[in-house]
Each structure stands twice: as C-alpha cells, then as structure tokens.
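Q: Sequence first, then the predicted structure:
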Amino acid sequence: MSERFVVVGGSLAGLRAVQAARRAGFTGPLTLVGGEAHLPYDRPPLSKEYLRAGEEGAADTTFRTEQELRGELDVDLRMGTWATGLDPAAQVLGLSDGRELDYSAVVIATGARPRTLPGTEELAGVHTLRTLDDAIAIRAALDAGARTVVVGAGFIGSEVASSARKRGLPVTVLEALPVPLVRSVGEQMGRACAALHLAHGTDLRCGVKVTGLTASDGRVTGVSLDDGTTVPADLVVVGTGVLPNTEWLAGSGISLHERDRGILSDATLFTGQPGVYAAGDVTHFPNPLFDGLMMRLEHWTNAAEQGALAAHNALNPAEAKQVAAVPYFWSDWYDSRIQFVGIPQADEIRVVSAELGEEKFLALYRRGERITGCISIDRPAQIMKYRRMIMQSKSWAEALEFSGL
C-alpha cells in the first residue's frame, strides 16, 4: 500500500490540510488535487475588495506561491485536475486525466458549487460567484456600469450588491423568503440586516419569485417576476445557495446526506471508510458543543480549522480529536461588518447593546438555559468575548450579567 497522503480540493480547507500534515511531521509523498487551474486562493475577498477595487486593480488573493508549495512543503500539485472516483477498499483515487493515485489516507475538501438558474448556462451576463474566474467576469461588468440584479439576499449576494452600490451603480436584490437570512441569523436579525440595504439605496424586494430571464442577442436584459413585472438588468448574479461537490463519490460507499448530498462524517471528520476524512463546506458533522447537532458550515474559519483537524486525524487515527469550535462568520456590507458566532436556532433572541434598528447593535441567542449565539453589527471587540462564553457553555444568566443587563 502506498504511504501517500492525498488532499482532494484546492481551496482553503485543502491547503490547511497540506500544511498541517507537514507540521505534524509527515515526510511521505503528499499530493494536492484541485479542479481549478489556479493555486489555492482566498475566496472571501472575491465578493468584497476584489469587486470594489479601483483603477489600481485588485490584490492577488493567492495563499502561497508555487515555489512555496512545491519547494518548501514538497507538495505534488495536480491543479486543473478533478477527482472522478474513490475506491476505499483498494485505496485508489481516480483523476480526470485518466490517472490513478494510491493513498494511505485522504482528506476530501471538494467544497461546494453555486446553484444556478435553469436554462441560463449559455446566457451572457448571468453569473454565480464562487471562483476567481467568476469574480473577474462580474468585476468587468461592474466596470462597464452594469445595472445589477442579485437573485438571493444571502451573504454572498448581499456583498455583491454592496460592492455595486459602492460604485454608485443601481442594484436590485430579489429574495424569495419574506425575510432575508432566516436560516443564518433568524427572522428578527434578518430584518435588521435587511435595513442596511434600504439605508444604502439598494432596492430590496422580499417575498418575490423569479420566473425567468429576458434576453436579446444571447445577453440578459432583465429578470421576470411572478407578479408580471420585469426588472431591467445588464448583470444578474445568482446567490441562491450551494450544493456539495460529491457526485464523483458515487459507488464509494461514503454516506451522503439525503437532502443536499453532503458527506456524513462523525465528530472527528471520519467518513466511515478506511483512511477517508472530510473537511469544510462538503461535510456534515455532529458538533459536541451543541449536543451533537448536525452541521454543514460554509464559513472561512470552519474550512481552515477542519482542514487542519482532518489531516491530523487522518494521519493519526488512534489520536483523533473531535471538532470543538464555535461557528463564526463575518460579512462586509457597505461600511458595516456583520459578525455571527454560534448557531441561529434559538428559543430567544435579545438585543443587549442598542435598540434594534440603530446602526450598531449586538444581540444574544438563547437555547434552553445556555447562550448559543451572538450577532453584531460593527462591534468586533465584543463578539469574540461571547464566542468564548459559548465555547465554555456559559449559562444565559451569565451572558446577560456580562452584557450588563
């Protein structure tokens, strides 16, 4: 059997797995397989700074140079190559170039891809935002002064809208739900986030359904709604969620979630197949800090932490550690930063720093008798203190006392 350690997925989780393997003292062959031709790069700036950059151009978001990866870390890079199959019994990974890789351990970090609007694949001016190439195309449209319509008022779509408005461009955001971000932050806080759009001149329309797109000469001209109206558009950015990249695992024996087909792993990120672990957006895992609640997180911090943990556990299964992190994400809208720690499922949400509707506030989430979440707008110093409290399973009473209530 080969002693090769293979990481499938060339983004943040995959990079952290590679780095963690070398830090842990693994000296054997180490291969990183990435479907994109680009070296691993940072994705969050793509919907923020990258789209807002002026004439000086956008900064390079690449994490490490090829010399650092090949030379310092001694990584066998297989960029522009997709995984096509996995045989855990034979411990073999199939690749899109027709080759196969033997392995002793593998970390799957293939992430997720955006959902698309059916029938729009060949229509110019319609984009999702997940990759560097996506960001390049959207930025070019914004540079040309595109009238922008964003389908979906989630975090990525809202950041695109914010970037367009920072340029002074007209933007309409269309959301099917009555309130944006219900699943991410809850209904009450979703309304507070929506107020940021309205305050900055974005046309936010909730409770609307997109029925199709209008086009001329193969280019989008508008978005049709179920009320019979059409919103004019030169650029349409679809931000309606993602699907884990797991189709290539068919026949592998790895269990997938019945709803979104993400990988099912245990609290150590083990998939149940010998030597196979998963990390990042692609996997569901039970979080011991929240009574084993199953989660699949699409957050930067989660990808970074899980990539390193999955590598450690794959190379040292007898000393495997469980996931022990409080979910955390941030999103930059206009001139504000929204931050969230914990989970949105709550029995109560209480604003503790300002009346809801003011520009800056902080609110706590209660589940049972514990503090389990916290959201803030422009209060970065405070939210990390509450993250520590959630990590320590502090009570609701202790959280309120800390807040001064």
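A: Here it is on my side, so go on.
Q: Please count neighbours and contacts with C-alpha atoms only from this point.
A: Noted.
Q: Run through the residues that contact the most centrally placed residue in the chain.
A: Nearest to the mean C-alpha position of the chain, by CA atoms, centre = their mean, lies residue 298 at 3.2 Å. Residue 298 is in contact with 280, 281, counting by CA atoms under 8 Å, 6 or more residues apart in numbering.
Q: The same query, at a cut-off of 6 Å, please.
A: The contact partners of residue 298, by CA atoms under 6 Å, 6 or more residues apart in numbering, come to residue 281.
Q: Also residue 351?
A: Neighbour list for residue 351: 362, 363 [criterion: CA under 6 Å, 6+ apart].
Q: That one and residue 376: what is the separation?
A: 10 Å (CA to CA, to the nearest Å).
Q: anything in contact with each of those two?
A: With CA under 6 Å, 6+ apart, residue 351 and residue 376 have common neighbours residue 362.
Q: just to revisit the earlier point, so the residue nearest to the centre of the chain, which of the three states?
A: Three-state assignment for residue 298 (DSSP: H, G, I helix; E, B strand; the rest coil): coil.
Q: Same check on residue 150?
A: Three-state call for residue 150 (three-state DSSP): strand.
Q: so what's it bridging to?
A: Residue 150 has these beta-bridge partners by DSSP bridges: residue 173, residue 237.
Q: Local confidence estimate at it?
A: Reported pLDDT at residue 150 in the predicted model: 98.
Q: got it, and residue 118?
A: Predicted confidence (pLDDT) for residue 118: 89.
Q: Same question for residue 361.
A: pLDDT, residue 361: 82.
Q: ok, it touching residue 353?
A: Yes - with contact defined as CA atoms under 6 Å, residue 361 counts as touching residue 353 (5.5 Å).
Q: Of these two, which one has the most company?
A: When neighbours are counted by other CA atoms under 10 Å, residue 361 and residue 353 differ, and residue 361 comes out ahead with 19 against 16.
Q: Could you measure from that one over to residue 158?
A: Applying CA to CA to residue 361 and residue 158 gives a distance of 19 Å.
Q: buried stuff in stretch 65-75?
A: For stretch 65-75, a neighbour-count test (16 or more other CA atoms under 10 Å) marks 69, 73, 74, 75 as buried.
Q: Over to stretch 173-192?
A: 173-176, 179-182, 185-187, 189-192.
Q: and that stretch, average pLDDT?
A: 91.
Q: mind checking how far that stretch is from the chain centre?
A: The chain centre lies 17 Å from the centre of stretch 173-192; the measure is CA atoms, centre = their mean, to the nearest Å.
Q: Check the separation of the first and last residues in that stretch.
A: From the first residue to the last, stretch 173-192 extends over 16 Å; the measure is CA to CA.
Q: Tell me where this protein has helices.
A: Taking DSSP state H as the test, the helices found in the chain are 12-23, 49-52, 66-67, 132-143, 155-166, 182-185, 187-199, 300-315, 380-391, 396-403.
Q: Need those in JSON lines (columns: distance to residue 271).
A: Below are these laid out as JSON lines (distance: least, CA to CA, whole Å):
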{"stretch": "helix 12-23", "distance to residue 271": "16"}
{"stretch": "helix 49-52", "distance to residue 271": "36"}
{"stretch": "helix 66-67", "distance to residue 271": "30"}
{"stretch": "helix 132-143", "distance to residue 271": "30"}
{"stretch": "helix 155-166", "distance to residue 271": "29"}
{"stretch": "helix 182-185", "distance to residue 271": "26"}
{"stretch": "helix 187-199", "distance to residue 271": "34"}
{"stretch": "helix 300-315", "distance to residue 271": "10"}
{"stretch": "helix 380-391", "distance to residue 271": "25"}
{"stretch": "helix 396-403", "distance to residue 271": "35"}
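Q: Looking at those, spot the one closest to residue 230.
A: Comparison of those against residue 230 by CA to CA identifies helix 155-166 as nearest, at 18.5 Å.
Q: From the chain's centroid, how far away is that closest one?
A: That offset, for helix 155-166, works out to 16 Å (CA atoms, centre = their mean).
Q: One more: stretch 215-232?
A: 29 Å.
Q: likewise stretch 332-347?
A: 14 Å.
Q: Could you give the average pLDDT over it?
A: Stretch 332-347 comes out with an average pLDDT of 93.
Q: From start to finish, how long is it in a straight line?
A: One end of stretch 332-347 sits 27 Å from the other (CA to CA).
Q: buried residues in that stretch?
A: Those would be 332, 333, 334, 338, 339, 340, 341, 342, 343, 344, 345, 346, for stretch 332-347 by 16+ other CA under 10 Å.
Q: Go through those residues and say which is closest to residue 117.
A: For the buried residues of stretch 332-347, the residue nearest residue 117 by CA to CA is residue 333; the value is 24.5 Å.
Q: can you pull the contacts of that closest one?
A: Neighbour list for residue 333: 159, 162 [criterion: CA under 6 Å, 6+ apart].
Q: and if you look at residue 198?
A: For residue 198, no residue meets the contact criterion (CA under 6 Å, 6+ apart).
Q: ok, it to residue 331 distance?
A: According to CA to CA, residue 198 stands 17 Å off from residue 331.
Q: try residue 210
A: From residue 210 to residue 331 the distance is 25 Å (CA to CA).
Q: cool, residue 101 as well?
A: Counting by CA to CA, the gap from residue 101 to residue 331 is 38 Å.
Q: now do residue 17
A: Residue 17 sits 25 Å away from residue 331, going by CA to CA.
Q: who's more crowded, those two?
A: Using other CA under 10 Å, the more surrounded residue of residue 17 and residue 331 is residue 17, with 32 against 18.
Q: Quick one: low-confidence residue ranges for the protein.
A: Counting by pLDDT under 70, the low-confidence segments of the chain come to 1-2, 53-58, 354-359, 405.
Q: would you list every one of the strands in the stretch 151-300 of the chain?
A: Taking DSSP state E, counting those that start in this stretch as the test, the strands found in the stretch 151-300 of the chain are 171-175, 203-206, 210-216, 219-225, 230-232, 235-238, 242-244, 263-264, 276-278, 283-287, 293-295.
Q: who wins for proximity to residue 120 among those strands?
A: Among the strands of the stretch 151-300 of the chain, strand 210-216 comes nearest to residue 120, with 8.2 Å by CA to CA.
Q: what are the pairing partners of that closest one, and which direction each?
A: strand 219-225 (antiparallel).
Q: what does the partner strand contact?
A: Strand 219-225 is contacted by residues 123-125, 209-215, 230-234 when judged by CA under 6 Å, 6+ apart.
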